[in-house]
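**Q** Output the structure for:
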Amino acid sequence: LNHLDLSHDITIVADLRFKNEVDYLDKLKGYVHIPLYIHNKEAENSGDTHVSEQEYKKFKNKCTLVDNNDKDIDALYRKLELAIGLDFED
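**A** Residues are numbered from 1 along each chain as shown. Okay, here's the model as predicted:
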């Protein structure tokens, strides 16, 4: 993340799995950080105990929950737009 390009109006950082990654974004000055948790019960219930699949639980409560259990990409974009207050089609 220390090489993150923040030169655009919106930068989406996908797939943060570790608390130190979220902490880094929290500490950046001059940017709005909107942490989202894209909930997918299938992935969450996989039983994978690797640290990269479990550490999100340490920061999940800081995130706005976005449900992704209907597996519809258009519905996910609409939910993301609502969560962050933007229209991706503009």
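**Q** so who does the residue nearest the centre of the chain touch?
**A** In the chain, the centroid-proximal residue (CA atoms, centre = their mean) is L36; its distance is 3.8 Å. By CB atoms under 8 Å, 6 or more residues apart in numbering, the contact list for L36 reads 63-66, 80, 83-84. C-beta: built from backbone N, CA, C; applies to glycine.
**Q** Quick one, which of those are buried?
**A** Neighbour counting with 16 or more other CB atoms under 10 Å marks 63, 66, 80, 83-84 as buried within the contacts of L36.
**Q** could you say what helices and strands the worst-scoring helix or strand of the chain on mean pLDDT packs with?
**A** Least confident element among the helices and strands of the chain, by mean pLDDT, DSSP states H and E: helix 41-44 (a mean of 81). Applying 3 or more CB pairs under 8 Å, 6 or more residues apart in numbering; DSSP states H and E, one finds that helix 41-44 contacts no other helix or strand.
**Q** tell me how far that helix is from the chain's mean position?
**A** Relative to its parent chain, helix 41-44 has a centroid offset of 15 Å by CA atoms, centre = their mean, to the nearest Å.
**Q** contacts for it?
**A** N69.
**Q** Check which helices and strands the longest helix seen in the chain sits against.
**A** Longest among the helix segments of the chain by residue count, using DSSP state H, is helix 73-84. When contacts are defined as 3+ CB pairs under 8 Å, 6+ apart, helix 73-84 sits against strand 36-39, strand 64-67.
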